[in-house]
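Q: Predicted structure and sequence below. I'll ask about it afterward.
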Amino acid sequence: MINNRKFFTLDEFTIKQLREFPQATGELSSLMRDIGLAAKRVNVEVNKAGLADILGEAGKENVQGEIVQKLDEFANNQFIGVLHHGVNCAGVGSEENDDIVVFDDELSNKSKYVVLMDPLDGSGNIDVGVSIGTIFGIYRRVTEKGQPCNISDFLQPGRNQVAAGYIVYGSSTLLVYGTRRGINGFTLDPSVGEFCLTHPDIKCPPHGRIYSVNHGNFFQYEEGVRAYINACQKKDSSNGGPYTQRYIGSMVSDVHRNLIKGGIFMYPGTINKPKGKLRLLYECNPFAFIAEVAGGRATDGKNRILDVQPYELHQRSPLFVGSSQMMDELESYMHAEPAK
Ligand code: P6P
């Protein structure tokens, strides 16, 4: 039997979504195609990063006499360049830029979306071959179309996201994104240079056996978090034995694995850094959106992440995200009366 199973490419998928919503303008589909294009370009460079010594180290000239960019700078330029060239984005807030990047031209000013992103998260892992990723969230602007966007378009609570997603540059290159209608994953087929639908309608299992946290900070975590981590290690056979601790140190990979297999990812606040390390707008919010649409949950330890009203582009937030029942378990420890 000929296996004529057809993979939808990302472009075909976004057009299919458009056909299902005739009233849609196609701008979001087009914006997603722009993101897919930038991701493919970044993927090429990430995959040869290990060759930087041959090609020339970042900031120095390579054998062609070109200045080699740091990969996160390269990724940032690629995403901003593609989004600015397109006509579906009014501006970008990026981890790599202190201020928002306003695409102040006639067509961009007419766009109804803005994008928040971490263009290359975990870039410190590149030199040791650990997977890294891009994280993004898409918002409808709150300022009137026809004029340049401004910071108010970016300081929206995460529940206002129209879509969110991430790209994992790992053993394969995977683009996962979703709207409120569902989360879908697309694997890059390098032979044709297309992202193909491989993970339709991703759902986060309500429970899992993986917990992800940096144990090195254990004694700096609040008591409830420490109690939960201890409980994860003390599970007895009556509830399936102890959980497994998995922590790659690259958020995109850790959260993606837990989303698919079930699990919980924690980056708590510490005594020295009560707000933790992760950025609310372009790390916590996109993953919180994806987790909730897939059936999971995400909090900062006290509040639903998506309800937090941002006050600053690069503000940090503690993050707990993952399977709903594991989040319930965690909260039972965090809200328990402090031990006397
Ligand atoms: P730590 C990478 O630098 C990152 O921003 C996330 O991708 C990752 O989850 C976290 O930091 C790791 O931080 O402090 O545990 O090394």
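A: That came through, no problem. For clarity, every value in this text was computed on a predicted model and none was experimentally measured.

Q: Now the residue of the stretch 1-150 of the chain found nearest the ligand, what are its backbone angles?
A: The nearest approach of the stretch 1-150 of the chain to the ligand comes at residue 122, 4.1 Å away (C-beta to the nearest ligand atom). For glycine as for every other residue, the C-beta is placed from the backbone atoms N, C-alpha and C. Geometry field for residue 122 lists phi and psi as phi 80, psi 20, criterion degrees, to the nearest 10.

Q: Could you list every helix and strand in contact with the longest helix along the chain?
A: If you go by DSSP state H, the chain has its longest helix at helix 27-47. Judged by 3 or more C-beta pairs under 8 Å, 6 or more residues apart in numbering; DSSP states H and E, the packing partners of helix 27-47 are helix 10-20, helix 71-85, strand 113-121, strand 132-140, strand 161-169, strand 173-179, strand 182-189, strand 194-199.

Q: State the mean pLDDT of the third one.
A: Averaging pLDDT along strand 113-121 yields 97.

Q: Pairing partners for it, with directions?
A: Strand 113-121 sits in its sheet next to strand 91-94 (parallel), strand 132-140 (antiparallel), going by DSSP bridges.

Q: Thought residue 282 was touching residue 136, still the case?
A: Yes. Counting by C-beta atoms under 8 Å, residue 136 does reach residue 282; the two are 7.1 Å apart.

Q: where do the contact lists of those two overlap?
A: 116, 117, 118 (C-beta atoms under 8 Å, 6 or more residues apart in numbering).

Q: and the last one, how many residues sit next to it?
A: Meaning residue 118. The tally of other residues near residue 118 (other C-beta atoms under 10 Å) stands at 28.

Q: just to revisit the earlier point, tabulate the strands paired with strand 113-121 (CSV), appending distance to the ligand and mean neighbour count.
A: Shown next, in CSV, are the strands paired with strand 113-121 (distance: least, C-beta to the nearest ligand atom, whole Å; neighbours: other C-beta atoms under 10 Å):
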stretch, distance to the ligand, mean neighbour count
strand 91-94, 14, 25
strand 132-140, 8, 26
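
Q: Now these in TSV, please, with extra columns for distance to residue 176 and mean pLDDT.
A: Converted to TSV, these look like this (distance: least, C-beta to C-beta, whole Å; pLDDT from 0 to 100):
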stretch	distance to residue 176	mean pLDDT
strand 91-94	20	98
strand 132-140	10	97
